[in-house]
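S.K.: got a sequence here, can you build the structure:
(2 chains)
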Protein chains: 2
Amino acid sequence: MENKKIELIRLLSQTEGKPISGEQIGRKLEISRTMVWKYIQSLQSQGYSIISSPGKGYILNSVPDSLLPELVQAGLTTDILGTDIRHFMELESTNDYAKTIARDAHEGTVVVAEAQKKGRGRKGFDWVSPQGGVWISIILKPSIVPANASRLTLVGGLAVVDSLKSIGLNPSLKWPNDVLVNGKKICGILTEMEAEIDRVEYIVLGLGINLNFNTDTLPEEIRDGSTTISDELGTYVDRLDFVRSLLYNLEQYYIHFKTQPFEELMERWIDSSDTIGRNVRIVTPSKMVDGRAIGITLSGGLLLQKHDGSTEEIMSGRCIYI
Amino acid sequence: MENKKIELIRLLSQTEGKPISGEQIGRKLEISRTMVWKYIQSLQSQGYSIISSPGKGYILNSVPDSLLPELVQAGLTTDILGTDIRHFMELESTNDYAKTIARDAHEGTVVVAEAQKKGRGRKGFDWVSPQGGVWISIILKPSIVPANASRLTLVGGLAVVDSLKSIGLNPSLKWPNDVLVNGKKICGILTEMEAEIDRVEYIVLGLGINLNFNTDTLPEEIRDGSTTISDELGTYVDRLDFVRSLLYNLEQYYIHFKTQPFEELMERWIDSSDTIGRNVRIVTPSKMVDGRAIGITLSGGLLLQKHDGSTEEIMSGRCIYI
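M.R.: A predicted model of the protein is given here:
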């Protein structure tokens, strides 16, 4: 059922404005004309604008502005990520929902919401998630130990950077889990896991990307430090294209992560980062450390050269450029 | 309501076979005689045998053979563990259930089942869990990094060892997660967690203890390597007492774990272990290592001295004595 619908959308998208008849559709999808009509009706009820001209056929006028599974999948070129997409108009948090289904879900299952009521960043901080953004969680099941889970935050960052570059932005990675454009936060990454002592059962990789909304709509206290794709570009971008690009890039990096030594991705992360080389202050629950960021370790920690010349690996914390 | 019931059971248990009148009970619990009668009825319907002799009062004849919260709690001397107990006649797995409630549960919440249909050991191996055993999961929320979660497996082992010693057994700890008596498995420990990269959100510490059942009832393939408390002692033991003792000992070690450096518990684990000093073969998904077990590391790994004289830390795996 869902597959035929996806095929139908693909077919309607490829007519370049010319009508396609119910008979043609039926032949290509190998379904009856009655079924074609039922699918068309179903799509219309989901917000697709499909014009039907008697005697000529159907024209797809516009698709709904939401990340519906069949829309994302219609142009998706991945093998693993996004073959199962769970879409919601609103969720408390896509990561929280993903965790409730992760155990029984296939690797690569995607949870996406048009808005989040309680989007979360690291350590339970809020992540404001209005309509127009991309709030998405991906369920991954790599055979890794819990200590290496932080690598997936880096992998997620690399994918976001590539997708942002492909629409003309110049992003940089800020340790540990942010993507910046012009020094302002455009994406946050929240990696969570369920694990035994020595074996990750699943990872939920949450990506929150400020896409088609105005920074002015954000609460005052985070407005100055945040930006959105539409603010940076001065125009709205196609959210579907962006999500497809993101899932594709993420899959490429994830396959690399699973099959190759991690050093190469670590180097690539460093190349895309504006943290390395800077003087930073790291604030953790137990301490505050100042120093020069000189590298990333294989476990995703930040290597600091302190003012007394000694080096220290910081596994996590809030990073302030000073 | 539940507290009054627990007080009532405590009161009935302390009369040493003499009847206690409804009036006396009402006065002590500060409830009406009608309420006393309702509580007595409610207890009787749960399997408590309470004899009522007209004009004299109530005598508690026997309690049901199940780990009902009010029974466990009536004699419990802990501050954190077991203040909230969720009891089931049967669960698929107490760890699985605990994980569904852990996020919203208080630290120290206990899940206990009279039997498990799909009890699990490490890496998804079955753990046969018939009636008569103690199948229990404890929800803990320590502020630790995921890499230190394995320490709680050691903490759990220490508590089980103390409780087994207190009923006259001579247990030993086998790395990584078993407790043996006379060289046979009497308890397995399964520590699972939900975590961000650098912060454990919760730990579910699962303990499966072979208590009041006959080893003969176990499947043939595990029978030789397993034993039960009742088989070792030649008699059934009080399950309620055992669970109370276990929760008490676990709380003591857990407080130590949270407030003191870990070295002392590590030393104590080594003292109670029969793994250290032995020649072992460790089998992991990726390799097999032979050597002499010479210690435990602060992250719960086993320190092996290999035949070429070099040492290696093994984080996990199946351990075979050779």
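S.K.: contacts and neighbour counts: CA atoms only from here.
M.R.: Will do.
S.K.: near chain B, which residues of chain A show up?
M.R.: Selection of chain A residues close to chain B by Cα under 8 Å from any Cα of the partner chain yields A:122-123, A:146-147, A:149-150, A:190-199, A:315-316.
S.K.: and if we set it to 6 Å?
M.R.: A:147, A:150, A:192-197 (Cα under 6 Å from any Cα of the partner chain).
S.K.: including neighbour count, secondary structure and pLDDT, could the residues you listed go into JSON lines?
M.R.: Compiled in JSON lines, the residues of chain A next to chain B are given as follows (neighbours: other Cα atoms under 10 Å in any protein chain shown; DSSP: H, G, I helix; E, B strand; the rest coil; pLDDT from 0 to 100):
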{"residue": "A:Ala147", "neighbour count": "19", "secondary structure": "helix", "pLDDT": "84"}
{"residue": "A:Ser150", "neighbour count": "24", "secondary structure": "helix", "pLDDT": "90"}
{"residue": "A:Glu192", "neighbour count": "28", "secondary structure": "strand", "pLDDT": "96"}
{"residue": "A:Met193", "neighbour count": "27", "secondary structure": "strand", "pLDDT": "96"}
{"residue": "A:Glu194", "neighbour count": "25", "secondary structure": "strand", "pLDDT": "95"}
{"residue": "A:Ala195", "neighbour count": "22", "secondary structure": "strand", "pLDDT": "94"}
{"residue": "A:Glu196", "neighbour count": "23", "secondary structure": "strand", "pLDDT": "90"}
{"residue": "A:Ile197", "neighbour count": "26", "secondary structure": "coil", "pLDDT": "85"}
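S.K.: which one of those is nearest to A:Asn177?
M.R.: Lowest distance from A:Asn177 to the residues of chain A next to chain B (Cα to Cα) belongs to A:Ser150, with 9.5 Å.
S.K.: these two touch, right, the closest one and B:Ile197?
M.R.: Yes - if you go by Cα atoms under 6 Å, A:Ser150 and B:Ile197 touch, sitting 5.4 Å apart.
S.K.: who touches A:Ala115 in this structure?
M.R.: A:90, A:129-131 (Cα atoms under 6 Å, 6 or more residues apart in numbering or on different chains).
S.K.: from chain B, how far off is it?
M.R.: 22 Å (Cα to the nearest Cα, to the nearest Å).
S.K.: for A:Phe242, same thing?
M.R.: Separation of A:Phe242 from chain B (Cα to the nearest Cα) stands at 26 Å.
S.K.: that's a strand at that residue, yeah?
M.R.: No - under DSSP: H, G, I helix; E, B strand; the rest coil, A:Phe242 sits outside any strand and is assigned helix.
S.K.: could you list the domains of chain A?
M.R.: Residue ranges for the domains of chain A, per automatic domain parsing: A:2-62, A:69-271, A:279-321.
S.K.: now stretch A:106-126: buried residues?
M.R.: Neighbour-count burial for stretch A:106-126, counted by 16 or more other Cα atoms under 10 Å in any protein chain shown, picks out A:106-122.
S.K.: in chain A, where is pLDDT below threshold?
M.R.: Applying pLDDT under 70 to chain A flags the ranges A:1-2.
S.K.: how about the strands in it?
M.R.: A:49-53, A:57-62, A:85-91, A:110-116, A:134-140, A:171-174, A:178-181, A:184-196, A:199-209, A:279-283, A:288-296, A:302-305, A:311-314, A:318-321 (DSSP state E).
S.K.: save the ones you listed as a markdown table, and put in distance to A:Gly156 too.
M.R.: Formatted as a markdown table, the strands of chain A follow (distance: least, Cα to Cα, whole Å):
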| stretch | distance to A:Gly156 |
| --- | --- |
| strand A:49-53 | 34 |
| strand A:57-62 | 31 |
| strand A:85-91 | 18 |
| strand A:110-116 | 14 |
| strand A:134-140 | 10 |
| strand A:171-174 | 11 |
| strand A:178-181 | 10 |
| strand A:184-196 | 7 |
| strand A:199-209 | 7 |
| strand A:279-283 | 22 |
| strand A:288-296 | 16 |
| strand A:302-305 | 17 |
| strand A:311-314 | 20 |
| strand A:318-321 | 18 |
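S.K.: looking at those strands, which is closest to B:Thr100?
M.R.: Nearest to B:Thr100, of the strands of chain A and by Cα to Cα, is strand A:184-196 at 11.8 Å.
S.K.: spatially central residue for chain A, please.
M.R.: Geometric centre of chain A, nearest residue: A:Leu207, 4.4 Å, by Cα atoms, centre = their mean.
S.K.: now do the residue in the stretch 1-150 of chain A that chain B sits nearest to against B:Ile144, distance only.
M.R.: Nearest residue of the stretch 1-150 of chain A to chain B (Cα to the nearest Cα) works out as A:Ser150 at 5.4 Å. Distance, A:Ser150 to B:Ile144, using Cα to Cα, to the nearest Å: 15 Å.
S.K.: now do A:Phe88
M.R.: 34 Å.
S.K.: now do A:Ala98
M.R.: 24 Å.
S.K.: nearest to B:Arg223, of the domains of chain A?
M.R.: Nearest to B:Arg223, of those and by Cα to Cα, is domain A:69-271 at 25.9 Å.
S.K.: what about the closest one, how long is it end to end?
M.R.: Terminal residues of domain A:69-271 lie 34 Å apart, using Cα to Cα.
S.K.: equivalent analysis for stretch A:143-152, please.
M.R.: One end of stretch A:143-152 to the other measures 12 Å (Cα to Cα).
S.K.: circling back to that earlier point, which of A:Ala98 and B:Ile144 has more residues huddled nearby?
M.R.: Taking other Cα atoms under 10 Å in any protein chain shown, A:Ala98 and B:Ile144 do not tie; A:Ala98 has more neighbours (24 against 15).
S.K.: tell me the bridge partners for the closest residue to that one other than its chain neighbours.
M.R.: Among residues not flanking A:Ala98 along the chain, A:Val111 sits closest, at 6.2 Å (Cα to Cα, 6 or more residues apart in numbering or on different chains). Here A:Val111 sits in beta bridges with A:Arg86, A:Ser137, as judged by DSSP bridges.
S.K.: what residues are up against A:Val111?
M.R.: Residues near A:Val111 by Cα under 6 Å, 6+ apart: A:85-86, A:94, A:136-137.
S.K.: if we go to 7 Å?
M.R.: Contact partners of A:Val111, counting by Cα atoms under 7 Å, 6 or more residues apart in numbering or on different chains, are A:85-87, A:94, A:98, A:136-138.
S.K.: A:Ser230 now?
M.R.: By Cα under 7 Å, 6+ apart, A:Ser230 lies in contact with A:211-213, A:236-237.
S.K.: please repeat the previous calculation with a cut-off of 6 Å.
M.R.: Applying Cα under 6 Å, 6+ apart to A:Ser230 gives the contacts A:211-212, A:236.
S.K.: do the same with A:Thr284
M.R.: Residues near A:Thr284 by Cα under 6 Å, 6+ apart: A:Gly317.
S.K.: if you set the cut-off to 10 Å instead, what comes out?
M.R.: Contacts of A:Thr284 were listed using Cα atoms under 10 Å, 6 or more residues apart in numbering or on different chains, and they are A:314-319.
S.K.: residues contacting the residue in the stretch 201-322 of chain A positioned nearest to chain B?
M.R.: Residue nearest to chain B within the stretch 201-322 of chain A: A:Ser316 (6.3 Å; Cα to the nearest Cα). Contact analysis of A:Ser316 by Cα under 10 Å, 6+ apart lists A:150, A:175-177, A:282-285, A:300-302, B:145, B:197-199.
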